[in-house]
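*Asks:* Give me a 3D structure for the following:
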Amino acid sequence: MARPATIYKVSLQLADLDRSVYETLQVTAAQHPSETAERLVTRLLALAVFSEPELTFTKGLSATDEPDLWVKGPDGRVRFWVEVGLPDADRILKACRHAERVALLACGRLFFSWSQQHLPKLEKAANLTVVTIDQALIAALAEQLERSVNWSITITEGTMYLTAGTVTHETAVQIKAGSL
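*Replies:* Reported below is the predicted structural model:
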């Protein structure tokens, strides 16, 4: 019998001064049995960085033809496609052909080699935004991850301040392609 997903209750107090987004995001996030804590943390950070009304998690790893998050229009078409990690450039370019907007929170231990190979191909897509966040922050948050996540996130002038418990982390939100 397959292991069930691990469920996380998430509350994100978001103040994105760069985009004038101020809201409290209350979501339930399911961690697939094969998903790492770092990947789950990255999905939560993507929810904050690209926050907009109706942005929701998809089936994730169990649905290979879906992004990690999306906004679907009333007609069922994908308006906003959000990926995390280091996907193949062809997957992202295909998403750019089918969705109005596409965003990628690119991160992972192999980011440097991935960026040399894939970023030149992705920079040509007009409807794509590629953002990075420090991998050390993601690893630190993954180590502290609890089933009830309460983060306060402030983004200003390209810097993210994330408070989890009594610890505040700081990292740059670097735009590698497109714009937020």
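
*Asks:* hey, let's count contacts and neighbours off CA atoms from now on
*Replies:* Will do.

*Asks:* Secondary structure of residue 168: a strand, I assume?
*Replies:* Yes. Residue 168: assigned to a strand according to DSSP: H, G, I helix; E, B strand; the rest coil.

*Asks:* Show the pLDDT at it.
*Replies:* In this model, residue 168 is scored at 96, pLDDT.

*Asks:* Report how many residues lie close to it.
*Replies:* 12 (other C-alpha atoms under 10 Å).

*Asks:* who's it bridged to?
*Replies:* residue 163 (DSSP bridges).

*Asks:* just checking, it touches residue 161?
*Replies:* Yes. In this structure residue 168 lies within contact range of residue 161 using C-alpha atoms under 8 Å: 6.6 Å.

*Asks:* quick one: the residue nearest the centre of the chain from residue 29, how far?
*Replies:* Centroid-nearest residue in the chain, with C-alpha atoms, centre = their mean: residue 46, separated by 2.2 Å. Distance of residue 46 to residue 29, given as C-alpha to C-alpha, to the nearest Å: 13 Å.

*Asks:* is it true that residue 109 touches residue 135?
*Replies:* Yes. At 7.1 Å, residue 109 and residue 135 qualify as touching, with contact defined as C-alpha under 8 Å.
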